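In: below: sequence and its predicted model.
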Amino acid sequence: MAYIVKQKVYGKDYYYLRKSVREGDKVRSKFIAYLGKNKTEANKKAKEVIKKMEKGELVEDKKEKNVEEKNKKEYVKYDYNRIIELASRRSFFYPSAEIYPNSPKGFWDFGPIGQSIRRKIIDFWRHEFVQKEDMLEIHGSQILPATVFEGSGHLKSFADPIVYCNKCKKYYRADQLISEATGQHIPESTPTEKLDQLISENNIKCKCGGEFEKVTKFNMMVESIVGKEGDARTFLRPEACQSIFLNFARMAKTMRLKLPQGIAQVGGVFRNEISPRQSITRSVEFSQMEAEVFFNPNKINEIENFNEIRDYSIRVLLLGKENIEDISAEDLVNKKIVPGKLIAYFLARTQQVWNKLGIPLEKMRFREVDKDERAFYSLSTFDFEVETSLGWLELIANNYRTDYDLKGHMKHSGTNLEYAEDDGKKIIPNIWEISAGVDRTIFAVLENSSRQGKEGVYLSLNPHIAPYGCAVLPLVNKGGVFDLAKDVKKLLKDSLFDLVFDKSGSIGRRYARNDEIGTPFCITIDGDSLKNKDVTIRDRDTTHQIRVKISNLKDVLRRLINQEIEFDKAGKFIG
Ligand code: GAP
């Protein structure tokens, strides 16, 4: 059966005629003709081509096929616009309250596919950090009293430098403005006088042509009103971890906590970003997966599993260096690049986890952050950055927060947050922080997962974070085949498989729809399935197909999703 396919390449539509062909037990989608860029003409041309096909007069037009190949090549460049186009068209994510004009910028909703990927990334992180590293996970309030943020230092120090344009009457981030105009990296902690000087020296004007006023500091905390009178001053938290610090003494008492101990939390945070932009990578409301590892600073080198990563190479960009270096965890410690083994261990684990999430090693680095650029609470910072179409994007802040937070909260709350070691000696633990942005991780994973396959573009997501573990596709929509497909769906759903049942459109179109969102395995039920009690499984990345007995399907699928077996050997190989 022939069908028209529309592909968008950099905002332009291209139309193709394709058909589903059966080769043995396999069903493939094959190119027939390029139909141009206009929908009406494409429909007309498709009819002519189909007529020629029926008469046996159609000769494959190699030149036009090349157009499709060329367009596909461009199409696979998943740059920022392409991700946003895909995200919007398939409802991965899109602006919040979009049906209302003038809704504020910097808020994003996740639709079913995006939310499934989001949830699975969080679960993956939970598995790799909370479970494998024996951390404790908590869930704290998003609104906290102002006193907490006096203790944490946010009310005083959590501020961005901003400038006001007296013509268009808008505020801009001063550091970003100068960076964009000069091509130089300008730390946000640069003193306001220095920023004024840079604006003047580089003759930077607003894009509306207006002049900027003097740079000022703008506190990024979002205030909230609680209670009728709003008498208790409260704020939405700007980082998830504050609840972890507030919970520490309780955990030590009630969970028989022994250092070193990680406490983790996933949740929403809020920052009054003056210029929210680039969709989910810089928004006002976003989510963090934070792990705070509490340890005795005198025992920073006593870490049980260090040997597992001793020789593992970590990609670091050191201060003053131009090139990324691969340095083993052991050398990072011996050369005193990091303060101790505990820190090298968690840098290694972080790199491993984000690599498993789909970020290639060659596109990642830990950038050592200069004193001037570090957060006010950090003694040493290694930002985990990923190369994207937006440039190097910080996904994770790795901070040595020392005893800064516990001391601050002790002072402001009047509560003793000391920890008693086994020998009775009391210490204020130090903290190593791994603060990952959920939204930026989603963006970087999507961008890095796009691939050009034989049958089109697909998202090569790790099956653990794909929106659906598999798709069930009946080849016909009625009779025994359809009933059997519904039985397969029930069988898999009863075993907690996360699947999509896709019954409409040609099989080629259904494969393409699932490839595009990263469904790793498509299960096709056809006439032979009724006779032989088996199904075809198609692998997204290779488009190879195998035949598997329905009685083995759950087991085979589980092992495929866990990447425990090679696809081609998981059933009767068809091709
Ligand atoms: N507790 C430390 C902390 O919050 P951070 O560098 O301010 O450190 C950590 O934030 C991570 O949160 C960043 O690496 C980034 O992934 C994410 N993040 C920060 N601001 C963001 C924003 N406006 N929009 C989306 N994600 C953001």
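Out: Okay, I see it.
In: hey, let's count contacts and neighbours off CA atoms from now on
Out: Fine.
In: quick check: closest non-adjacent residue to the one residue in the stretch 1-150 of the chain that gets nearest to the ligand.
Out: Residue of the stretch 1-150 of the chain nearest the ligand, by C-alpha to the nearest ligand atom: Gly106 (8.1 Å). Nearest residue to Gly106, sequence neighbours excluded (C-alpha to C-alpha, 6 or more residues apart in numbering): Ser283, at 4.1 Å.
In: then His412?
Out: Spatial nearest neighbour of His412, excluding adjacent residues (C-alpha to C-alpha, 6+ apart): Gly151 at 5.2 Å.
In: just to be sure, that neighbour is in a helix?
Out: Yes: per DSSP: H, G, I helix; E, B strand; the rest coil, Gly151 lies within a helix segment.
In: and it, how far is that from Phe245?
Out: Between Gly151 and Phe245 the computed distance is 11 Å (C-alpha to C-alpha, to the nearest Å).
In: how many other residues sit next to the residue of the stretch 1-150 of the chain closest to the ligand?
Out: Neighbour count of Gly106, defined by other C-alpha atoms under 10 Å: 23.
In: what does the model give it for pLDDT?
Out: For Gly106, the pLDDT comes out at 96.
In: secondary structure element for it?
Out: With secondary structure defined by DSSP states H and E, Gly106 is part of neither a helix nor a strand.
In: check contacts around it.
Out: 95, 273, 276-277, 279-280, 282-285 (C-alpha atoms under 8 Å, 6 or more residues apart in numbering).
In: swap in 7 Å and give it another go.
Out: Counting by C-alpha atoms under 7 Å, 6 or more residues apart in numbering, Gly106 touches 276-277, 283-285.
In: farthest pair in the residues you listed?
Out: Farthest pair in the contacts of Gly106 (C-alpha to C-alpha) is Arg277 and Glu285. Separation: 12.1 Å.
In: so these two - more neighbours on which side?
Out: Under the neighbour definition other C-alpha under 10 Å, Arg277 and Glu285 were set side by side, and Glu285 has more, 18 against 13.
In: leaving out chain neighbours, which residue sits closest to the residue of the stretch 451-575 of the chain found nearest the ligand?
Out: Residue nearest to the ligand within the stretch 451-575 of the chain (C-alpha to the nearest ligand atom): Ile465, separated by 18.2 Å. With sequence-adjacent residues excluded and distances taken as C-alpha to C-alpha, 6+ apart, Ile465 is closest to Lys120, at 4.9 Å.
In: and what about that neighbour, helix, strand or coil?
Out: helix.
In: from memory it sits against Tyr468, does it?
Out: No: taking contacts as C-alpha atoms under 7 Å, Lys120 lies outside contact range of Tyr468: 9.9 Å.
In: and the residue of the stretch 351-500 of the chain nearest the ligand?
Out: Using C-alpha to the nearest ligand atom, the single residue of the stretch 351-500 of the chain nearest to the ligand is Gly437, 3.2 Å away.
In: so that residue bridges to which residues?
Out: Legend: beta-bridge partners of Gly437 under DSSP bridges are Gln288.
In: helix or strand: which one has the most centrally placed residue in the chain?
Out: By C-alpha atoms, centre = their mean, the chain has its centre lying nearest to Ile442, at 1.6 Å. Remark: Ile442 resides in helix 438-449, with elements defined by DSSP H and E.
In: what's that helix packed up against?
Out: On a contact count with 3 or more C-alpha pairs under 7 Å, 6 or more residues apart in numbering; DSSP states H and E, helix 438-449 meets strand 285-295.
In: which SS class is Ala512?
Out: Assignment for Ala512 (three-state DSSP): helix.
In: got it, and the one 3 residues further on?
Out: Secondary structure of Asp515, reduced to three states by three-state DSSP: helix.
In: ok, it - how many residues close by?
Out: 27.
In: same check, this time on Leu557
Out: 22.
In: right, and the helix or strand after the helix or strand bottoming out on mean pLDDT in the chain?
Out: When the helices and strands of the chain are compared on mean pLDDT, DSSP states H and E, helix 62-75 comes out lowest with a mean of 46. Remark: after helix 62-75, the chain's next helix or strand is helix 80-89, criterion DSSP H and E.
In: and that following helix with helix 438-449, angle?
Out: Between helix 80-89 and helix 438-449, the angle comes out at 110 degrees (axes from the mean of the first three to the mean of the last three C-alpha atoms, to 10 degrees).
In: list the buried residues for helix 80-89?
Out: The neighbour-count check on helix 80-89 (16 or more other C-alpha atoms under 10 Å) flags 82-87 as buried.
In: export it as PDB, just CAs?
Out: Output in PDB follows, covering the C-alpha atoms of helix 80-89 (Å, rounded to 0.1, in the frame of the first residue of the first chain):
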ATOM      1  CA  TYR A  80      17.700  23.400  18.900                       C
ATOM      2  CA  ASN A  81      14.900  24.300  16.400                       C
ATOM      3  CA  ARG A  82      14.500  20.700  15.400                       C
ATOM      4  CA  ILE A  83      14.100  19.500  19.000                       C
ATOM      5  CA  ILE A  84      11.600  22.300  19.700                       C
ATOM      6  CA  GLU A  85       9.600  21.300  16.600                       C
ATOM      7  CA  LEU A  86       9.600  17.600  17.600                       C
ATOM      8  CA  ALA A  87       8.800  18.500  21.200                       C
ATOM      9  CA  SER A  88       5.800  20.600  20.100                       C
ATOM     10  CA  ARG A  89       4.500  18.400  17.300                       C
END
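In: what sits up against it?
Out: 93-94, 389-390, 447.
In: tell me which of those fall in strands.
Out: Judged by DSSP state E, the subset of these located in strands is 93-94.
In: which of the contacts of helix 80-89 are buried?
Out: 93-94, 447.
In: pLDDT check: weakest of those residues?
Out: Glu447 (93).
In: could you pull out the helices for the stretch 451-575 of the chain?
Out: Ranges of helices within the stretch 451-575 of the chain are 479-494, 507-517, 527-532, 550-561, based on DSSP state H, counting those that start in this stretch.
In: out of those helices, which one sits most buried?
Out: Mean neighbour count (mean count of other C-alpha atoms under 10 Å) peaks for helix 507-517 among the helices of the stretch 451-575 of the chain, with a mean of 22.
In: how big is the angle separating that helix from helix 80-89?
Out: 120 degrees.
In: alpha carbons of helix 507-517, as PDB, please.
Out: C-alpha atoms of helix 507-517 as PDB (Å, rounded to 0.1, in the frame of the first residue of the first chain):
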ATOM      1  CA  ILE A 507       2.900  -0.300   9.100                       C
ATOM      2  CA  GLY A 508       5.700   1.800   7.700                       C
ATOM      3  CA  ARG A 509       4.100   4.900   9.100                       C
ATOM      4  CA  ARG A 510       3.600   3.300  12.500                       C
ATOM      5  CA  TYR A 511       7.300   2.300  12.600                       C
ATOM      6  CA  ALA A 512       8.200   5.800  11.700                       C
ATOM      7  CA  ARG A 513       6.000   7.300  14.400                       C
ATOM      8  CA  ASN A 514       7.500   5.000  17.000                       C
ATOM      9  CA  ASP A 515      11.100   5.500  15.800                       C
ATOM     10  CA  GLU A 516      10.700   9.200  16.000                       C
ATOM     11  CA  ILE A 517       9.800   9.100  19.700                       C
END
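In: centre of the chain to that helix, how far?
Out: A distance of 22 Å separates the centroid of the chain from that of helix 507-517, by C-alpha atoms, centre = their mean, to the nearest Å.
In: hmm, back to that, of Lys120 and Tyr468, who's got more company?
Out: Tyr468 (22 against 18).
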